[in-house]
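Chemist: here is a sequence with its predicted model. Questions after.
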Amino acid sequence: MSTSPAIVSIGEPLIEFNRPKEGDGRTWLQGFGGDSQNVAIAAARQGASAGYLTSLGQDWMGDAFLGLWQAEGVDASRVTRHATAPTGVSFVTHGPSGHKFDYLRKGSAASPSAGRSQFTAWARARANSCFPTPREPAKINP
């Protein structure tokens, strides 16, 4: 995109591995998670000019996210790749109390220690709407 997106979402995308509740207990389905990237995709699907700011590892997971955002029409031109920090991962299981999330995020490419704060200043200066999301996920009640 040649101009700044009207909506910019900032956060950490997570490659998601979901173990189906009715599955064999060993099968995991790979998907894409992270509330902030979901916002950018939803906005683009509704026809808005949407962008996403984050950092990804230089790994297959980062490549997968870039492919997803390109297919969905999300401007990822400001996404950076981190040479040594991985893309974040989440595991979702299901039990009597609902969804349970486990994360592999410490030291991930989008963590504050890897330089994420640079994104907020850029987005606030250029976007009409900026949606930074909290570092901790919302609790999901059954």
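Modeler: Done, it's in.
Chemist: please enumerate the strands of this protein.
Modeler: 7-10, 14-18, 29-33, 50-53, 55-57, 80-82, 88-95, 98-104, 129-132 (DSSP state E).
Chemist: who touches E16 in this structure?
Modeler: Contacts of E16 were listed using Cβ atoms under 8 Å, 6 or more residues apart in numbering, and they are Q30, G31, F32, G33, V89, S90, F91, V92. Quick note: C-beta positions are derived from backbone N, CA and C, even for glycine.
Chemist: got a pLDDT number for it?
Modeler: Each residue has a pLDDT score; the one for E16 is 96.
Chemist: tell me which residue lies farthest from the centre of this protein.
Modeler: What lies farthest from the middle of the chain is D24; by Cα atoms, centre = their mean that is 27.8 Å.
Chemist: look up how far L53 lies from that residue.
Modeler: From D24 over to L53 the distance is 39 Å, taken as Cβ to Cβ, to the nearest Å.
Chemist: ditto for G67
Modeler: 18 Å.
Chemist: can I have the buried ones of the contacts of E16 as a PyMOL selection?
Modeler: Selecting only the buried entries of these in PyMOL, with 16 or more other Cβ atoms under 10 Å as the criterion:
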select buried, resi 32+33+89+90+91+92
